[in-house]
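> Take a look and give me a structure for this.
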Amino acid sequence: MLQSELARFKVKGDQVIPLFARPDDDVVPLIISLFKEGRKLSEINEDIKTLSKVYDYKLVKGISIVMSRLCNFVGGDGSPLELRRFLFSKGPVLNRDRREEVLREASEKFRVEDPLEYMYSDMKDEMKVSYVPKVSAEELVGMYNLSLLQTMLFKAFKMKVYMSSRWKEVIRLSKSLGLMYYAYVEPQSVEFIGPMTLLKLTERYGRNLALLVPEVVKSRDWKIEAELVLGKKRRIFNLKIDSSPLIYAKGDEEIRPSFDSTVEEYFYKDFKAVAKDWEVVREPGFLVVNDGSGRVMIPDFLVKKGEFSVYIEVVGFWTKEYLEEKVYKLKNVKEKVLVLIDEDLSTDKVDLDNVIKFRKKIDVTKVYQWLNKRMPKPKLTELKADGEYIRLMDVAKEFGVQVKDVKDVVEKMDDYVVLKTFAVKRKILDGMSKEDFNGKDVSYVKAKYGDFVEEALEFLGYKIKYKDLFNAVISR
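Below you'll find the model as predicted:
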């Protein structure tokens with residue numbers, strides 16, 4: 001964040017628009033070049049003053065502050081103070097030879113090459129740059145723009161956030177900052193609410209809202225809407241900002257899933273390995289508790305396959321208060337949530353539907369079976385056949401119906417001929433009817449056409465004669 005007087009913005013009606021910097025602004029590489037190892041802060045500040053006379057003062061000063069925060073500075077330790085005391089104790093020195101003698105004595109006593117340069121090295125302006133990170137113009141501008149946005153939100157008393165991810169981190173941080181919030185479902189958003197009246201408005205609350213911003217912008221997609229109080233007349237203005245590559249928070253690159261426990265981590269890895277036909281999402285969006293409070297619950301996982309999805313909550317380590325709150329939220333969300341619960345928790349404490357118990361480690365095969373049993377079966381009328389042949393039994397299992405029901409549907413398809421346990425494309429049978437299979441080995445023909453061959457040959461008037469358990473010959 002920056003000092004409030006360095007905030008750059010323009011006002012258009014009731015809208016306040018931050019004036020973000022751009023990587024191609026000429027002044028950016030000039031500011032970066034000022035920070036070199038060994039340079040004194042006083043020297044850098046003098047150059048910054050010069051740049052401020054040519055470019056926008058607030059821009060130059062703001063970017064310089066951000067850049068200085070990235071660098072390390074060193075000054076003298078306790079010795080400069082002792083050196084000053086030593087030199088001043090020698091009283092006025094009016095003669096050059098005496099001056100050289102005192103400086104030589106100080107140099108030997110304090111083991112410094114130039115006592116005059118070292119004597120004020122513990123003062124801020126005399127500190128020297130000891131480390132300068134490699135930072136691009138894009139990164140520096142992104143960090144400056146983030147600081148500018150935070151500075152604007154210093155004056156906010158209400159902020160609404162829309163994000164594609166990272167809800168758990170943001171809501172957890174808001175609680176630690178003492179912020180009140182209210183959640184909305186459509187579109188999914190959270191409004192952080194300030195004091196109930198402007199008379200109670202304090203910058204401390206705005207500061208806490210501003211501290212949420214770095215976590216918000218780490219999400220892939222985000223939007224912030226805020227109401228700010230500006231000016232002596234304390235007028236209310238609206239601020240709206242969409243996700244932008246011009247705003248950068250360290251670590252906003254794609255983040256690996258984090259876990260609250262090893263139980264959750266193992267479940268995530270094991271489920272991905274076993275249920276390859278399902279997608280698993282770590283800490284998806286929140287669910288609103290339907291009690292009018294605006295509170296939310298953020299499930300541990302969302303698993304989905306096609307249009308079907310189920311939220312999953314892992315309940316392991318707990319306290320009485322935690323468990324009561326968790327059960328209350330689970331009972332008051334409208335979405336289906338599968339609860340994976342440590343079996344050390346007695347069932348009388350957890351009166352919930354859709355529960356799978358575990359001990360130490362979650363059995364993902366049980367979860368996989370539970371999901372597949374509850375996944376809605378597609379309607380047989382939605383069957384789309386485009387292969388050379390269909391296994392009628394496989395289709396019946398997929399749709400949860402009898403083989404007879406599948407035959408009834410496929411028989412209405414002009415492209416297929418229904419046999420006993422297969423349905424075969426009519427053009428395949430037409431092609432086979434033009435060949436002579438008499439005396440040929442069944443395995444040869446099966447390798448050429450597929451497993452349906454025996455039924456197709458019988459349909460075409462051939463007979464199958466088995467020589468032994470594994471070998472058979474075709475005859476008319």
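
> Just give the number of residues close to Glu398.
14 (other Cβ atoms under 10 Å). C-beta: built from backbone N, CA, C; applies to glycine.

> Need phi/psi at it.
Comment: the main-chain dihedrals of Glu398 come out as phi -60, psi -40, following degrees, to the nearest 10.

> And the helices in the stretch 151-300 of the chain?
In order along the chain, the stretch 151-300 of the chain carries the following helices (DSSP state H, counting those that start in this stretch): 167-176, 203-216, 262-274.

> Any regions of this protein where pLDDT drops low?
Counting by pLDDT under 70, the low-confidence segments of the chain come to 75-78, 120-125, 194-205, 250-258, 317-319, 345-351, 378, 381-382, 400.

> and it, what are its domains?
4-22+141-242, 76-121, 262-374, 381-475 (automatic domain parsing).

> Tyr57: which of the helices of the stretch 151-300 of the chain is closest?
Distances from Tyr57 to each of those were compared using Cβ to Cβ; the shortest belongs to helix 203-216, at 22.5 Å.

> helices or strands next to the closest one in the packing?
For helix 203-216, the elements it packs on are helix 137-153, strand 156-163, helix 167-176, strand 222-230, judged by 3 or more Cβ pairs under 8 Å, 6 or more residues apart in numbering; DSSP states H and E.

> Show me what counts as buried in stretch 25-45.
Using 16 or more other Cβ atoms under 10 Å as the burial criterion, the residues of stretch 25-45 that qualify are 25, 27-28, 30-32, 34-35, 39-41, 43-44.

> Out of those, name the ones that lie in helices.
Those of these mapping onto helices are Val27, Val28, Leu30, Ile31, Ile32, Leu34, Leu41, Glu43, Ile44, per DSSP state H.

> what's the distance between the most far-flung residue of the chain relative to its centre and Glu117?
The outermost residue of the chain, judged against the average C-alpha position, is Asn95 (69.8 Å), by Cα atoms, centre = their mean. For Asn95, the distance to Glu117 equals 22 Å [Cβ to Cβ, to the nearest Å].

> Could you do Lys420 as well?
From Lys420 over to Glu117 (counting by Cβ to Cβ), the distance is 100 Å.

> Could you do Met163 as well?
Using Cβ to Cβ, which is the criterion applied here, Met163 is 52 Å from Glu117.

> Comparing the two, which shows the higher neighbour count?
Taking Met163 and Glu117 together and counting by other Cβ under 10 Å, Met163 has the greater number of neighbours (24 against 11).

> Could you work out the end-to-end span of stretch 469-476 for me?
One end of stretch 469-476 sits 21 Å from the other (Cα to Cα, to the nearest Å).

> got the buried residues of stretch 25-45 as TSV, with distance to Gly178 columns?
Putting the buried residues of stretch 25-45 into TSV (distance: Cβ to Cβ, whole Å) gives the following:
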residue	distance to Gly178
Asp25	37
Val27	38
Val28	37
Leu30	41
Ile31	36
Ile32	38
Leu34	39
Phe35	37
Arg39	42
Lys40	41
Leu41	36
Glu43	43
Ile44	38
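
> of all those residues, which two lie farthest apart?
Across those, the two lying at the largest distance from each other (Cβ to Cβ) are Asp25 and Lys40, at 26.0 Å.

> before we move on, the earlier item: so which of the helices of the stretch 151-300 of the chain is the most packed in?
By mean neighbour count, with neighbours taken as mean count of other Cβ atoms under 10 Å, helix 203-216 ranks first of these at a mean of 20.

> okay, the angle between that helix and helix 167-176?
Relative orientation of helix 203-216 and helix 167-176, computed by axes from the mean of the first three to the mean of the last three Cα atoms, to 10 degrees: 160 degrees.

> Helix 203-216 vs strand 156-163, what angle?
If you take the same axes, to 10 degrees, helix 203-216 sits at 10 degrees to strand 156-163.

> now the angle between helix 137-153 and helix 203-216, please.
Counting by the same axes, to 10 degrees, helix 203-216 lies at 150 degrees to helix 137-153.

> quick check, distance from stretch 39-58 to the centre of its chain.
Taking Cα atoms, centre = their mean, to the nearest Å, one finds the center of stretch 39-58 at 38 Å from the center of the full chain.

> Dump the C-alpha coordinates for that stretch into PDB.
Once side chains and other backbone atoms are set aside, the C-alpha atoms of stretch 39-58 remain, and they are given as PDB (Å, rounded to 0.1, in the frame of the first residue of the first chain):
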ATOM      1  CA  ARG A  39      24.400   3.200  -4.000                       C
ATOM      2  CA  LYS A  40      23.300   5.300  -1.100                       C
ATOM      3  CA  LEU A  41      19.600   5.900  -0.500                       C
ATOM      4  CA  SER A  42      20.200   9.700  -0.400                       C
ATOM      5  CA  GLU A  43      21.700   9.500  -4.000                       C
ATOM      6  CA  ILE A  44      18.700   7.500  -5.200                       C
ATOM      7  CA  ASN A  45      16.300   9.900  -3.600                       C
ATOM      8  CA  GLU A  46      18.000  12.900  -5.300                       C
ATOM      9  CA  ASP A  47      17.500  11.100  -8.700                       C
ATOM     10  CA  ILE A  48      13.900  10.400  -7.900                       C
ATOM     11  CA  LYS A  49      13.300  14.100  -7.200                       C
ATOM     12  CA  THR A  50      14.800  14.900 -10.600                       C
ATOM     13  CA  LEU A  51      12.500  12.300 -12.300                       C
ATOM     14  CA  SER A  52       9.500  13.800 -10.500                       C
ATOM     15  CA  LYS A  53      10.100  17.100 -12.200                       C
ATOM     16  CA  VAL A  54       9.800  15.500 -15.600                       C
ATOM     17  CA  TYR A  55       7.200  12.800 -15.000                       C
ATOM     18  CA  ASP A  56       4.100  12.500 -12.800                       C
ATOM     19  CA  TYR A  57       5.200  13.000  -9.200                       C
ATOM     20  CA  LYS A  58       2.800  10.500  -7.700                       C
END
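
> now what about it, what contacts it?
Here stretch 39-58 makes contact (Cβ atoms under 8 Å, 6 or more residues apart in numbering) with 5-8, 26-27, 30-31, 34-35, 60-61, 64, 68, 73, 124-129.

> Tell me which of the residues you listed fall in helices.
Counting by DSSP H, the members of the contacts of stretch 39-58 that fall within helices are Val27, Leu30, Ile31, Leu34, Val60, Lys61, Ser64, Ser68.

> Gly206: which of these is nearest?
Nearest to Gly206 among those, counting by Cβ to Cβ, is Lys61 at 21.2 Å.

> does Val102 sit in a helix or strand, and which one?
Following DSSP states H and E, one finds Val102 within helix 96-110.

> Of all the residues in the very next helix or strand once past that helix, which ones are buried?
Reading on from helix 96-110 to the C-terminus, the next helix or strand found by DSSP H and E is helix 115-118. For helix 115-118, burial by neighbour count (16+ other Cβ under 10 Å) applies to Pro115, Tyr118.

> I am finished for the moment; much appreciated.
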